[in-house]
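Student: my questions are about this predicted structure, shown below with the sequence.
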Amino acid sequence: METFIENLVTGTTLGSIYALISIGMTMVYGLLKILHVAHASVYVLGAFLGLVCYRLTGSVWLSFPAAAAGCAVFGYLMYIFFYRRVQDEKPLIPLIIGIGLFIAMGDAFRLAAGPYSISFKYQFARGPLEIGSFHITPHQMLVIGSALVLLVMVWLVVNRTRTGLAWQASAQDREVAMGIGVNANYYFGLNFMFGSALAGIAGVLVGLYYAAVNANMGEVWAYKVFVVMVLGGLGSVSGTVIAAYLLGLSETLIISYLGYFLPRDAIAFILMILVLIFMPSGVMGKRK
Amino acid sequence: MIPPYYLTIGTFVCINILLALSIGVLSGYAGQVSLGHAAFMAIGAYTSALVTRNLHFPFWLAMPTAAFMAAVIGLGLGLISLRLKEDFLAITTMGLNFIVIGILLYAPFFGRALGIGDIPVPSLLGHELSRFEFLCMCLALVAAAIVLLWWLQRSWIGLAWRGVREAEEVAQVMGVNTAKFKIFAFVVSTAMAGLAGSLYAHFLLFITPYDFGFPLSIQILTLAVLGGLGTIHGPVLGAVILTILPEYLRFIQDYRMLTYGLLLVFVMLYQPQGLFGHKSFIMRHLKPRKKSS
């Protein structure tokens, strides 16, 4: 029982991180039908910005807004310089550009920060919370708590603001939306900023949770995000969030009870291919 | 005698040309992008290494076996491709790359992380091929591959592939069995990648799963995309340039993935048809202008 609860907490933590990283990519796919592979490098950038800010100011709480702001600007620039120019081309061209950016940035991080992990340790004032057999560390509380707050915020922005309305309209039919006066390109840029800021915060959270930041921390996550997106039914934000927690929990439970029969990412990919073939609309998606 | 250094580079140029042509068939002609071609090279290399070492197959039999094994898996991927379109097919091929490497790393049969060593040197009539003879064989295979592709491209098959690439539904309505031709493109392409893998294994005589990771798939794609998809000379020139250039410009070696990544981005932004593709900047200036009237 104790291991089960422990796995539940670990799985929820993992799921929270998956959710925060995947939302940006899912929204981009929903709006532009582009697979934004380079999103995972935005998340690594966030982790590094957070670490630098922490080293400079000594405050972890400042590193969250710093990473969010830096990543938002970066995401916006990526849209302006690369994706906006090819958003109407065949889907393969933006896909290859995304992969090129992802590969190039991965190498750039490695050149800038070296191939080794950099420590990102932060000791919270209070120790772990224990209620009977229930045990949760402050880091886990931080990850789960901030994910909850941010997910509520995402829901509010998408469903209760004009920007969210414009996103929904352009996702449904860009031409009609533009016809009735929605400046689609402006809202696409905002969408990149918003998703990238979330990924940046996720980067800081991962850095704190594992107490380390390294240049290739984006790789595994980049591929996991695909799995989450596909499971969530491509472009559906609520589906993605559910899929993220589902993957986080099932992964932790499977590995804890069955052990590794293949590397983690291989398991995730087998799952993704099976879903793509047999359930192309995802666990939450609507049948077409 | 040619110094061994040049022989090695020459052999790698040949292997890369085969890989670039192989992805050229799939992505250039039939329009199906693969981000996991290194997986098929791995299947070819491991098959070839295992049958020669454990079953004592001669190299000349191991090479077709390697191509065959890769083509069998390629056939499976081709069947999957009938259900998945464009970018999702691309992610699936990427996933396949990770799954294959995962299996190679975890199954003791494949030597796990240590890979397979002591792969026999190919021999002909009891005489072990020297490095120079090996290079000649590779060149002959490249020539054969070019002739085969040239013939395929001119035939009805090439026409059907272009139909699938440009407008699949239209081709279907016109009576082209697009499923059949798509799968055939996968089979031809993966068989070539398997062949290249076999050559790689018998040239280096030692292979590990890390040789065939996702970065290699990206490199293979870069070779063909830089040269120009949809042509034969494009991938060949792309492979030659990107194999020889890093040898002379050492700094590229240190920033290898950065260079490949940026090349992909900027070629796609400014010359999506590649440097030597149809109607690319270079080709427009190389060809004599026809008078327009």
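Tutor: Perfect, I can see it now.
Student: pretty sure residue B:34 contacts residue B:26?
Tutor: Yes - look at residue B:34 against residue B:26 with C-beta atoms under 8 Å: they come within range, at 5.5 Å. To be clear about C-beta, it is placed using only N, CA and C from the backbone, and glycine gets the same treatment.
Student: mutual contacts of these two, please.
Tutor: residue B:189 (C-beta atoms under 8 Å, 6 or more residues apart in numbering or on different chains).
Student: pLDDT score for residue A:281?
Tutor: The model reports residue A:281 with a pLDDT of 68.
Student: please enumerate the strands of chain A.
Tutor: A:118-119, A:129-131, A:134-136, A:212-213 (DSSP state E).
Student: for the second one, which strands pair with it and how are they oriented?
Tutor: Taking DSSP bridges as the criterion, strand A:129-131 sits next to strand A:134-136 (antiparallel) in its sheet.
Student: residues of the partner strand that come out buried?
Tutor: Going by neighbour count (16 or more other C-beta atoms under 10 Å in any protein chain shown), the buried part of strand A:134-136 is residue A:136.
Student: next, count neighbours for residue B:134.
Tutor: Number of residues near residue B:134 (other C-beta atoms under 10 Å in any protein chain shown) recorded here: 20.
Student: and what of residue B:109?
Tutor: Neighbourhood size, residue B:109 [other C-beta under 10 Å]: 11.
Student: is it true that it lies in a helix?
Tutor: Yes - under DSSP: H, G, I helix; E, B strand; the rest coil, residue B:109 sits within a helix.
Student: read off the pLDDT value for it.
Tutor: pLDDT recorded at residue B:109 is 85.
Student: how about the one 5 residues further on?
Tutor: Among the per-residue scores, residue B:114 shows a pLDDT of 85.
Student: and it, how far from residue B:207?
Tutor: Remark: distance between residue B:114 and residue B:207 (C-beta to C-beta, to the nearest Å) = 10 Å.
Student: chain B contacts on the stretch 1-150 of chain A?
Tutor: For the stretch 1-150 of chain A, the contact set with chain B under C-beta under 8 Å from any C-beta of the partner chain comprises A:35, A:82, A:85-86, A:89-93, A:95-97, A:99-108, A:111.
Student: now the buried members of those.
Tutor: Buried, going by 16+ other C-beta under 10 Å: A:35, A:82, A:85-86, A:91-93, A:95-97, A:99-108, out of those.
Student: which of the residues you listed fall within helices?
Tutor: Within those, residues falling in helices by DSSP state H are A:85-86, A:92-93, A:95-97, A:99-108.
Student: look at the closest residue to chain B within the stretch 101-250 of chain A and report its pLDDT.
Tutor: Nearest residue of the stretch 101-250 of chain A to chain B: residue A:104, at 2.8 Å (C-beta to the nearest C-beta). Note on residue A:104: pLDDT of 90.
Student: name the residues of the strand or helix carrying residue B:238 that are buried.
Tutor: In this structure, residue B:238 sits in helix B:233-248 according to DSSP states H and E. For helix B:233-248, burial by neighbour count (16+ other C-beta under 10 Å) applies to B:234-243, B:246.
Student: can you pull the pLDDT of residue 161?
Tutor: No chain specified, so I'll use chain A. 91.
Student: nope, chain B
Tutor: Looking at residue B:161, its pLDDT stands at 87.
Student: gap between it and residue B:169?
Tutor: For residue B:161, the distance to residue B:169 - C-beta to C-beta - is 15 Å.
Student: any residues of the stretch 1-150 of chain B in contact with chain A? List them.
Tutor: B:33, B:35, B:80, B:83-84, B:86-88, B:90-92, B:94-96, B:98-99, B:101-103, B:105-106.
Student: same thing but 7 Å
Tutor: For the stretch 1-150 of chain B, the contact set with chain A under C-beta under 7 Å from any C-beta of the partner chain comprises B:33, B:80, B:83-84, B:86-88, B:90-92, B:95, B:98-99, B:102, B:105-106.
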